[in-house]
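**Student:** Fold the following, please.
(one chain, ligands or ions: 1)
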Amino acid sequence: MAKAKPAQTKAAQATWGGRFSAGPAELMLAFSESVSFDRRLAPFDIAGSKAHSAMLAHAGILTAAERDAIHAGLDAILAEIDAGRFAWDVKLEDVHMNIEQALTRRVPAAAKLHTARSRNDQVATDMRLFLRHACAALSEKIAAAQRAILAAARGHADVLIPGYTHLQRAQPVFLAHHLFAWLEMLQRDRARLADTAARANWCPLGSGAIAGTTLPIDREFTARALGFVDARGRPQVTQNSMDTVADRDLFIEFAHACALFGVHLSRIAEDLILWSSAEFKFADLPDAFCTGSSLMPQKKNPDSCELLRGKSARLQGNLHTLLTLAKGLPLTYNRDLQEDKPPLFDSFDQASLCADVLAGTFTGLKMNRDRCAAAVADPALLATDLADYLVERGVPFREAHHAVGAVVRAAETLGVPLHEVPFAEVRKIHPAFAEDWTAVFDLKRAMEKRRGTGMPGPAQVRKQFKRWEKLLS
Ligand code: ARG
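**Tutor:** Modelled structure (predicted):
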């Protein structure tokens with residue numbers, strides 16, 4: 001266990017050690033370091049430092065030679081980090097100080113790099129750059145999963161299944177229509193990520209620790225250099241220095257987008273788990289994403305789906321952590337906020353992994369056509385169509401619903417399927433029934449009648465295939 005003794009000479013803390021007579025305790029170092037998890041920000045931190053030093057040169061605070069030396073030093077450090085050769089030091093707390101100290105040892109001019117900058121606007125900048133990247137990368141992975149779902153729909157375009165409400169058979173739908181519902185959910189997840197990326201696209205640098213700087217900097221220059229620009233290339237800089245260093249909304253929005261994606265994953269997974277059970281037997285999940293039992297030789301368990309369902313709890317937990325972290329903090333930066341990164345990174349990593357696994361699970365998915373056909377042949381699925389039949393003959397819907405309910409009851413009493421109730425019985429229930437009443441139970445005809453936008457009829461399904469192929473190409 002680390003002992004509470006001063007571990008450092010104050011020289012080790014060259015960045016802020018000036019007013020201190022002793023370094024932090026070893027225990028405090030271990031407690032407060034973030035470099036073990038924020039080192040992944042290095043590429044963004046270096047991009048930020050290059051833009052900031054370019055701006056300082058533009059403003060006449062650095063010479064061109066100093067700027068160039070800083071840039072060359074930062075490039076060399078990034079190459080070392082990429083190659084795994086950079087010596088990270090927990091005594092230097094975080095990614096920002098590790099890089100700045102390494103640079104200062106090599107490039108004397110780097111002592112000027114932190115001019116008009118604080119770790120508070122620096123970390124806000126790094127995280128906005130990270131989030132822009134994370135939103136795009138996760139969205140691309142979700143799109144790949146959508147493509148796998150679309151391919152599964154294509155491979156089973158003629159398959160009909162019962163749609164369910166209350167987990168009771170409701171009405172027939174094309175399997176593709178069910179899969180398209182999932183595509184819609186995932187498309188909204190991607191839209192949320194795009195929204196978050198757009199809100200991340202404002203440059204914090206120049207906000208300083210809390211109140212900007214007295215030096216003549218050019219915030220728009222830095223923003224442009226980092227690509228914080230609108231659609232027309234105009235720089236976007238944050239508008240309040242205090243909000244800029246205190247704000248963690250984007251973290252929460254990103255974690256929320258991941259948590260809601262997780263809820264969608266979980267619902268998709270739950271359907272697949274049901275479909276792959278012996279009770280349904282609609283689907284056969286790919287062996288590569290299932291496991292067996294160490295005891296029961298016959299078992300093939302839907303583990304990828306169960307873990308997708310389980311990971312969604314973790315994604316919700318991360319969102320909750322961030323909400324709780326931010327609530328009650330006085331403006332502006334507080335060290336609590338360092339705890340914002342582990343849950344955010346975890347949400348990104350786990351959501352990315354989940355998207356890959358979702359794609360993999362669909363890639364080998366096989367549907368059991370016979371089981372689906374048998375389930376969807378249940379004539380009771382078309383009881384609503386029978387009510388519509390009466391409506392077409394002028395019967396008010398409420399009355400039609402009641403009459404069909406009586407036909408269903410008669411079928412149950414007689415112990416026959418719905419369409420085999422004798423016409424004489426049906427006629428007794430309502431005079432609007434004619435001899436042709438059983439035509440309603442032609443599944444093909446029933447599907448074709450569902451023509452409106454968003455409905456599961458074959459013409460609409462064809463249209464949706466075209467739409468998704470275009471959206472996902
Ligand atoms: N490691 C810190 C964090 O992630 C960087 C900001 C430190 N700022 C400060 N005033 N101590 O929050």
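
**Student:** distance of residue 460 from residue 173?
**Tutor:** 11 Å (CB to CB, to the nearest Å). For glycine as for every other residue, the C-beta is placed from the backbone atoms N, C-alpha and C.

**Student:** Next: residue 382.
**Tutor:** Distance from residue 382 to residue 173, counting by CB to CB: 12 Å.

**Student:** Comparing residue 460 and residue 173, which residue is more hemmed in?
**Tutor:** residue 173 (23 against 20; other CB atoms under 10 Å).

**Student:** Give the pairing partners of whichever strand or helix holds that one; include direction for each.
**Tutor:** With elements delineated by DSSP states H and E, residue 173 resides in strand 168-174, which encompasses its position. Strand 168-174 has the following sheet partners, assigned by DSSP bridges: strand 160-165 (antiparallel).

**Student:** how about the strand it pairs with: buried residues?
**Tutor:** 160, 161, 162, 163 (16 or more other CB atoms under 10 Å).

**Student:** Can you name the residues of this protein sitting close to the ligand?
**Tutor:** 34, 38, 94, 119, 120, 123, 333, 335, 337, 338 (CB under 6 Å from any ligand atom).

**Student:** Quick check: phi and psi at residue 367.
**Tutor:** According to degrees, to the nearest 10, the main-chain angles of residue 367 amount to phi -100, psi 140.

**Student:** Can you check the distance spanned by stretch 325-336, start to finish?
**Tutor:** Distance between the boundary residues of stretch 325-336 (CA to CA, to the nearest Å) amounts to 7 Å.

**Student:** Distance from it to the middle of the chain?
**Tutor:** Computed by CA atoms, centre = their mean, to the nearest Å, the chain-centroid distance of stretch 325-336 equals 26 Å.

**Student:** cool, and stretch 284-297?
**Tutor:** Worked out by CA atoms, centre = their mean, stretch 284-297 lies 27 Å from the chain centre.

**Student:** Same question for stretch 324-335.
**Tutor:** A distance of 25 Å separates the centroid of the chain from that of stretch 324-335, by CA atoms, centre = their mean.

**Student:** For that stretch, the averaged confidence score.
**Tutor:** For stretch 324-335, the per-residue pLDDT values average out at 98.

**Student:** where do the strands sit along the chain?
**Tutor:** Taking DSSP state E to define them, one finds strands in the chain at 160-165, 168-174, 283-284, 366-367.

**Student:** what about the longest one, distance to the chain center?
**Tutor:** In terms of CA atoms, centre = their mean, the centre of strand 168-174 is found 29 Å from the chain centre.

**Student:** Columns mean pLDDT on top of the strands of the chain, output as TSV?
**Tutor:** Below are those laid out as TSV (pLDDT from 0 to 100):
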stretch	mean pLDDT
strand 160-165	98
strand 168-174	97
strand 283-284	96
strand 366-367	96
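
**Student:** And for the nearest residue in space to residue 308 that is not next to it in sequence, the neighbour number?
**Tutor:** By the measure of CB to CB, 6 or more residues apart in numbering, the closest residue to residue 308 outside its immediate chain neighbours is residue 269, 4.1 Å from it. The burial count assigned to residue 269 is 24, neighbours taken as other CB under 10 Å.

**Student:** My understanding was that residue 269 contacts residue 311; is that so?
**Tutor:** No: the criterion here is CB atoms under 8 Å, and residue 269 misses it with residue 311 at 9.4 Å.
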